[in-house]
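Undergrad: just need the structure, nothing else, for what follows:
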Amino acid sequence: MNFRQFAYNNIVRNKRTYIAHFLSSAFSVMIFFTYALLLFHPDLQGQLRSTSETMSMLGTMGMRVSQIMIFVFSFIYLFYSVSAFLKNRKKEFGLLLVLGISRRQLRQLIFIENMIIGTAAIVTGIAVGLIFAKLALLICAKMLVIYEGLRFYIPLQAILMTAGAFLVLFLLIALFTSRIRKTEQLVELLKSEDKPKPEPKASLWLSLLAAVLIGLGYFCVMVFAVERVFSFVLLFGGVALVVAGTYWLFTQLSVYAIRALKKREKLYFHKTNLLTLSELAYRMKDNAVMFFMVAVISAVAFTGIGTSMSIGDPGLQEMKNPYAFTYISSQGNDREQEHLAAIGKRLSEANFTYRMGSVAPWYSDNGLLIMKLSEYNGLAAALGYEAETLGDEEGMLVPTSVNLQTQYKNADAKDYGPVDIVEGDWSADFRIAKLGTHIVYPEYSMLLVVSDASFGRIPGVDDSPVTYFLFVVDHWEKSKAVSQELLDQIEKEAEQQPDGKFMLHAHIFDWLQMKQGNGLLLIVSVLVGVVFFTFAASLLYFRLYADLDRDERQYQMIAKVGLSRKELKKMVTRQLLLMFFLPILVAVIHSSVAFTALQQIVSFPVASSAVIIFISFLTMQTLYFFVIRWRYLNHLYGKIK
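TA: Sure thing, here's the model as predicted:
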């Protein structure tokens, strides 16, 4: 048997512990390959279909940044997991040194083992990526709203890029981890498993500080959202406080809480609680940093994915701009009625139901957007809202954006003083009688609706230079083909009239661009989030199985004094529940606060997306928990027969 065969046999003998490391490595390779597959796809070069060159640039940047993130986190994860694994093999290395292997040969052995696993992970990851490439392209085409789909191609560039990047990564990992610490003597290596772990300790003050920091962080975020103190210092300061508090929550507060439970003798000495709490204290201390990383990364992933899903809802675009088409007609446009008839006819031919309203808004000298009540009621009728009434010298503030809509819903008209309209030497005060709750005219200015009589008294309003004809179309998100036809027709006519008397805007293309941008964000956040989830799950698996031999010896001794299988299962289940679900629970709480704060700022619902994300990740974690518990208990049962 040569040296390479010896290294291979070492991997096979330790396959129980190596398997999670190998699978998570292969998975990160597969995700990296998927990004490369999209990055080099011929249909995604130049610009995305139905959108702009800017979206293509953002998409390319997103893919590259995601690849860099996966590469960096893969390096950190692999370095940590391999280093921790080698630390648990100290006794094995000590025995090899006793048998005559040199330190140089030992480093060579570790290097070869890492390269074998790395090469196998690269081949497996790329192979699985190729198998699921078509499915990935179908999903991405759906998320990017590319109706024609993304065709399958042979991704040679993606294969070479992925193989090259991860070959370098595994080479670096192999070089770094093949160095055994010179300060460790042979006796220390041989006795490494016999050294007792020090009792976990925690500081009361740091434990209290953890709770205080998290509470202060939540307070800052809610002040930002509820009180509308839009300060980035307040927002990011709150996030930083929560992150710091979460770190001490796992490293100090969790250990302190377990120690406090151990001091309650009635609880501590009840049945198997002594064993459960003692073991939990060590597990929490050993895995505190890992739990912290899992909680923070999961919270970021939950919030990012949930927000992206909410933004992608067509209903949000209807809130921002409820009109599928906007025909802008300037004074002197003799094609106005012809164009309006053509738009209506084409929509009817395509079986679209539509309603139309018009408005000739007026901007006062002091920057107010003024609309008369009859025009407002016409737009409201087209949108299915109730008509409003106003008295003379009364006004209604109407939201022109989602933020103003939220603000007006949470306010009272009495909170607003009179609004002054200034036009040349003329001015008048209007009492705010009502606050609108619906966006009927999307703009960036404050919109004041007044009665027709009051509007008529404003000097110069009859000379409004532009009239907007606004079309409400049912199922507008399916109107891409019709929109393109109408745009081509009217833009062609507009080119023949350089005075620019008319213009047509189709909302579908704004929505498609937003949808594609959001699709790119979802692709990036979901895939990166899944990679992080896989790394976290792999680390949990490794931590369990790295201590399995010690646990087997411990439970063997306890079984001799009467520990039953039922009691063993109960103890293990309690420990695993805390290890698997405490970080996720903390992440869910953090994300829930973030979603609650977000809901105070925006009008679109975020709760449904949040619930979907929480249920999805909790379901995956629960399935993983039951699989790992089943395997772990089977190993223990085999030793305590």
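Undergrad: part of a strand, is Leu470?
TA: Yes - for Leu470, which was evaluated using DSSP: H, G, I helix; E, B strand; the rest coil, the result is membership in a strand.
Undergrad: SS state for the closest residue to it other than its chain neighbours?
TA: The shortest distance from Leu470 to any residue other than its chain neighbours is 4.3 Å, reached at Tyr323 (C-beta to C-beta, 6 or more residues apart in numbering). All C-beta spots, glycine's among them, are computed from the backbone N, C-alpha and C. Taken by three-state DSSP, the conformation at Tyr323 corresponds to coil.
Undergrad: do the same with Val422
TA: Taking three-state DSSP, the label given to Val422 is strand.
Undergrad: for the residue nearest to Leu470, give me its contacts.
TA: 442, 470-472, 507 (C-beta atoms under 8 Å, 6 or more residues apart in numbering).
Undergrad: just flag the most distant two among those.
TA: The two members of these with the most space between them (C-beta to C-beta) are Pro442 and Phe471, at 13.7 Å.
Undergrad: can you name every helix or strand that the strand ranked longest in the chain contacts?
TA: Once the chain is assigned using DSSP state E, the strand that runs over the most residues is strand 426-435. Strand 426-435 makes packing contacts with strand 394-398, strand 419-423 when contacts are defined by 3 or more C-beta pairs under 8 Å, 6 or more residues apart in numbering; DSSP states H and E.
Undergrad: what number of residues lie near Leu373?
TA: Using other C-beta atoms under 10 Å, Leu373 is surrounded by 22 other residues.
Undergrad: picking up where we left off before, between Pro442 and Phe471, who's got more neighbours?
TA: Between Pro442 and Phe471, Phe471 has the larger neighbour count (other C-beta under 10 Å), namely 24 against 18.
Undergrad: can you tell me the closest non-neighbouring residue to the more buried one?
TA: Once flanking residues are discounted, Phe471 sits nearest to Phe325: 4.0 Å by C-beta to C-beta, 6+ apart.
Undergrad: the one you found contacts Met503, correct?
TA: No - taking contact to mean C-beta atoms under 8 Å, the distance of 11.1 Å between Phe325 and Met503 leaves them out of contact.
Undergrad: pick out whichever of these two has more residues nearby.
TA: For Phe325 versus Met503, neighbours defined as other C-beta under 10 Å are more numerous around Phe325 (24 against 16).
Undergrad: partner residues bridging the more buried one?
TA: Beta bridges link Phe325 to Phe471, Ala506 when assigned by DSSP bridges.
Undergrad: got the contact list for it?
TA: 343, 470-471, 473, 483, 486, 504-507.
Undergrad: circling back to that earlier point, please report the distance of the residue nearest to Phe471 from Gln513.
TA: To Gln513, Phe325 is 17 Å away according to C-beta to C-beta, to the nearest Å.
Undergrad: double-check that Gly562 belongs to a helix.
TA: No - under three-state DSSP, Gly562 falls outside any helix and is assigned coil.
Undergrad: tell me, how many neighbours does it end up with?
TA: The number of residues packed around Gly562, counting by other C-beta under 10 Å, is 7.
Undergrad: hang on, Gln157 packs against Ala36?
TA: Yes - contact between Gln157 and Ala36 holds when scored by C-beta under 8 Å: they sit 7.3 Å apart.
Undergrad: and the two? Which one has more around it.
TA: Each of Gln157 and Ala36 has its neighbours counted (other C-beta under 10 Å); Ala36 has more, 23 against 12.
Undergrad: please tell me how far the more buried one sits from Thr534.
TA: Distance of Ala36 to Thr534, given as C-beta to C-beta: 18 Å.
Undergrad: over to Ser278?
TA: Where Thr534 is concerned, Ser278 sits at a distance of 31 Å (C-beta to C-beta).
Undergrad: quick one: which of those two has more around it?
TA: Neighbour totals were compared for Ser278 and Thr534, and Thr534 leads with 22 against 15 (other C-beta under 10 Å).
Undergrad: who are the packing partners of the one helix or strand that one maps to?
TA: When secondary structure is defined using DSSP states H and E, the element that contains Thr534 is helix 507-546. The criterion is 3+ C-beta pairs under 8 Å, 6+ apart, and the helices and strands that helix 507-546 contacts are helix 15-39, helix 53-87, helix 133-143, helix 288-311, helix 314-320, helix 480-495, helix 565-601, helix 607-639.
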